[in-house]
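[1] have a look; sequence and predicted model below, questions after that.
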Amino acid sequence: MLVGGLVKSSLIDYPKKIAAVVFLQGCNFSCPYCHNPEIVNPVVFKPFSEEEFFSFLKNRINKLDGVVISGGEPTIHKDLYEFIKKIKDMGFLIKLDTNGTNPEILKKLIKDKMLDYIAMDIKAPFDEYETVTRRKVNTDNIKESLNIINRGFADYEFRTTVVKGLLTFDSFVKINDSFKEMKKIKRYYLQKFQKSKHLDESYENRTTFEDEEFLKLEKLFSDTVEFFMVR
Ligand code: SF4
């Protein structure tokens, strides 16, 4: 497995749990606001040893509740299933962060009860996906992943990063329209764009929505989402 980084203990990445976060290298998207360029861009990859990661985890049994598998995009890795199984067999809860491009692996992981929590990004309404991710996107896969999680998985969140200009109020109207065709969404988080290092350095000066705009969005999603939060 291409491990690109590790946060040894976090209280904020797995709801109500103390968890380590492991970042797997590589991504099939190229979102300009991505704040993990060293994980996504092969030119600046800094590999981390898998052995080192597992020996760290061995020492954290009964001290950590879980492990967050993040990226990059974890599902692009052929050995993801075995990697997760190995962690699960050590007794840790597993949270998977994904962009939803690989519904088949998601289905298999859910069916075999390998996942305890899923956080899936919704990058944009389906017709704006390629603009936001700067990649060719099969949005049928995204729809399928959303439906698999929404229909059959107990503990999940969907989330969208809000960069002013990249997404507009109308973008969210379209996302809400797609929510209307689904079971009520359990949790939907809007993540304010934060200034940090970005995949596209020109994003340094971008901003997020104003508070009033977020309030309008809260109203917009009030019928389709059980728990809505801006963070
Ligand atoms: S923000 Fe985009 S480019 Fe960065 S890891 Fe997530 S999906 Fe990949």
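    Looks like it arrived, so ask away.
[2] quick check: phi and psi on N205?
    phi -100, psi 10 (degrees, to the nearest 10).
[3] now do the helices in the chain.
    Secondary structure of the chain (DSSP state H): helices at 37-40, 50-58, 80-89, 103-111, 129-133, 139-152, 169-180, 211-220.
[4] in the fourth one, which residues are buried?
    Of all the residues in helix 103-111, those buried under the rule 16 or more other C-beta atoms under 10 Å are 103, 105-106, 109-110. Every C-beta, even on glycine, is put in place using the N, C-alpha and C of the backbone.
[5] pLDDT below threshold where in the chain?
    Scanning the chain for pLDDT under 70 picks out 42-46.
[6] one more time with 80
    When residues are selected by pLDDT under 80, those of the chain lie in 40-48, 154.
[7] close to the ligand: what parts of it are there?
    Taking C-beta under 6 Å from any ligand atom, the part of the chain that reaches the ligand is made up of 27, 29-31, 34, 36, 40, 71-73, 99.
[8] at 8 Å instead, please
    Within the chain, the positions adjacent to the ligand are 27-31, 33-36, 39-40, 71-73, 99, 121, 123, 133, 161, 199 by C-beta under 8 Å from any ligand atom.
[9] buried ones among these?
    27-29, 31, 33-36, 39-40, 71-73, 99, 121, 123, 133, 161, 199.
[10] G5 against E38, yeah?
    Yes. G5 lies in contact with E38 (C-beta atoms under 8 Å); the separation is 7.4 Å.
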